[in-house]
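Novice: Sharing a model that was predicted from the sequence below.
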Amino acid sequence: MDLDFTREQVEFRDQVRTWLAEHKPREPRPRDSAGIREYDTAWQRTQWEGGWAGIAWPKEYGGGGLTLLQQLIWYEEYAAQGFPGIDANFVGLSHAGPTLITRATEEQKSFHLPRILQGESVWCQGFSEPDAGSDLASLRTKAVIDGEDLVVTGQKIWTSFATGADYQELLVRTDNSGSKHQGITWVICDMHSPGIEVRPIQTIEGSEEFCEVFYDEVRIPLANVVGEVDAGWSVAMSTLSFERGTAFTANQVRLAKVVEDLISFAKEHVGPDGRRPAIADDEISRRLARARASVASLRAMTYVGICQNLKTDTPGPRGSMLKLHYGDLCKEVAALAMEIVGPDALRDSSRWDSGGWVGNYFYSFSQSIGGGTSEIQRNIIGDRILGLPR
């Protein structure tokens, strides 16, 4: 097995590093939803104009037509230079877009994919409901066929950036006669349609990116169905495969940088005993070393996953192992950071983006919930990978 990058890949990395250094946004990223959308879409447009949007997407839809390994190199350099996340564009770029590439009609792909890459449209996800989060197949948002439309009534929750989204990947119940995994339809919902109401939810760390979405007889053309009516569960599984696998690649790389930043902080600042640098404490040093080793193992798992994905259009259940490890590690690193920084964390907002140590500590808990809870990931790993009895 050859674990080294080729000469061409090394040259590609140099090109990425140079372009990012020359085009990095200089203004701080806002924290309000409208400001985040404006900032993220402008940066996405810059990437598009520079030829760096959708590195591994097909050329015929505006992508670069390159490999997932080259996409990973982009993420690594992106994180190394301290770039912000792609929050407003996350759903469109990381799982709605890839789902459309593998499952949508030619007309749907030709219309939506270039707009996602150019930063013209922002997507959100309408999967979870108040009584159907982890048990997604129990969703009750109903859609009735009326002529050439689906008429949708119901509610979704925890819909990130719904206030600024143009489109939504929406799961609806179109038939109740079979099993709960049957009769589900994956549809593209225009978020500007009459009958949609979006209510932001303020989280404990102060953001309002999560939202409730209510549908009151919202009409969606049948032409917006991806796959077939009543056969959306398999499409949804494709979406979740992307969300739990390749979608978190950038986040994983950024987490590695956070660990290195925390190690540097521990070397420069007095630890909890008030006498020595934090890293001189044996227990803190051990936990930092463990975090660095865990990040290295996560990176190795990511490389293995990407190499496996080169052989298929849709990631398989092994993405759940990445998602589980990443979610647990986020919480571990955030808790360790709070211990090292101590009371100063309440005053320090200069690290980990604009949320500070405290904001990111609170936010870390969401990493083991969003995209499927850690408990669900363990069930998937046990059932589909290890072959354990249910």
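Specialist: Thanks, I have it.

Novice: Pull the helix or strand harbouring residue 124 out as CSV, backbone CA atoms only.
Specialist: Under the criterion of DSSP states H and E, residue 124 resides in strand 123-126. Extracted in CSV, the C-alpha atoms of strand 123-126 (Å, rounded to 0.1, in the frame of the first residue of the first chain):
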residue,chain,number,x,y,z
TRP,A,123,-30.1,24.8,1.0
CYS,A,124,-31.4,23.5,4.3
GLN,A,125,-32.5,20.0,5.4
GLY,A,126,-36.1,19.1,6.3
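
Novice: In terms of secondary structure, what does that strand contact?
Specialist: Using 3 or more CB pairs under 8 Å, 6 or more residues apart in numbering; DSSP states H and E, the elements in contact with strand 123-126 are helix 90-91, strand 167-173. To be clear about C-beta, it is placed using only N, CA and C from the backbone, and glycine gets the same treatment.

Novice: For it, list every residue counted as buried.
Specialist: Buried residues in strand 123-126, counted by 16 or more other CB atoms under 10 Å: 123, 124, 125, 126.

Novice: Show me what the mean pLDDT comes to for that strand.
Specialist: For strand 123-126, mean pLDDT rounds to 95.

Novice: So in that sheet, which strands flank it, and in what orientation?
Specialist: strand 167-173 (parallel) (DSSP bridges).

Novice: Could I get the average pLDDT for the strand it pairs with?
Specialist: When pLDDT is averaged over strand 167-173, the result is 97.

Novice: Mind listing residues that contact the helix or strand following it?
Specialist: Next in sequence after strand 167-173, counting helices and strands by DSSP H and E, comes strand 184-190. With contacts defined as CB atoms under 8 Å, 6 or more residues apart in numbering, strand 184-190 is touched by 99, 103, 108, 112, 126, 137, 139, 143, 150, 152, 166-174, 196, 218, 220, 224-233, 235-236, 239.

Novice: I'd like to know which of those are part of helices.
Specialist: Residues of those located in helices (DSSP state H): 99, 103, 108, 112, 232, 233, 235, 236, 239.

Novice: pLDDT value on the third one, please?
Specialist: Predicted confidence (pLDDT) for residue 108: 97.

Novice: Looks like it contacts residue 226 (just checking).
Specialist: Yes: using CB atoms under 8 Å, residue 108 is in contact with residue 226, at 6.7 Å.

Novice: of those two, who's got more company?
Specialist: Legend: neighbour count by other CB atoms under 10 Å for residue 108 and residue 226, higher for residue 226 (25 against 16).

Novice: contacting residues around the more buried one?
Specialist: By CB under 8 Å, 6+ apart, the neighbours of residue 226 are 99, 100, 103, 104, 105, 108, 186, 187, 188, 232, 235.

Novice: how far out from the middle of the chain is the strand holding residue 124?
Specialist: Mean-position distance between strand 123-126 and its chain equals 11 Å (CA atoms, centre = their mean, to the nearest Å).

Novice: How about stretch 260-272?
Specialist: For stretch 260-272, the distance to the chain centre is 29 Å (CA atoms, centre = their mean).

Novice: Kindly list the longest helix within this protein.
Specialist: Looking across the chain with DSSP H, the single longest helix is helix 282-309.

Novice: by contact count, what packs against whichever helix or strand comes after that helix?
Specialist: Toward the C-terminal end, the helix or strand that comes next after helix 282-309 (DSSP H and E) is helix 319-341. Helix 319-341 makes packing contacts with helix 232-244, helix 249-268, helix 282-309, helix 356-364, helix 374-380 when contacts are defined by 3+ CB pairs under 8 Å, 6+ apart.

Novice: joint contacts of residue 108 and residue 226?
Specialist: 100, 188.

Novice: Need the winner for burial among the helices and strands packed on helix 319-341.
Specialist: Of all the helices and strands packed on helix 319-341, helix 232-244 carries the top mean neighbour count, a mean of 23, counting by mean count of other CB atoms under 10 Å.

Novice: mean confidence score for it?
Specialist: Rounded mean pLDDT across helix 232-244 is 71.

Novice: Leaving out the residues flanking it, which one is nearest to residue 219?
Specialist: residue 149 (4.5 Å; CB to CB, 6 or more residues apart in numbering).

Novice: Who does that neighbour form a beta bridge with?
Specialist: The partner residues for residue 149, given DSSP bridges, come to residue 146, residue 221.

Novice: Surely it touches residue 224?
Specialist: No: counting by CB under 8 Å, residue 149 does not reach residue 224; the two are 9.3 Å apart.
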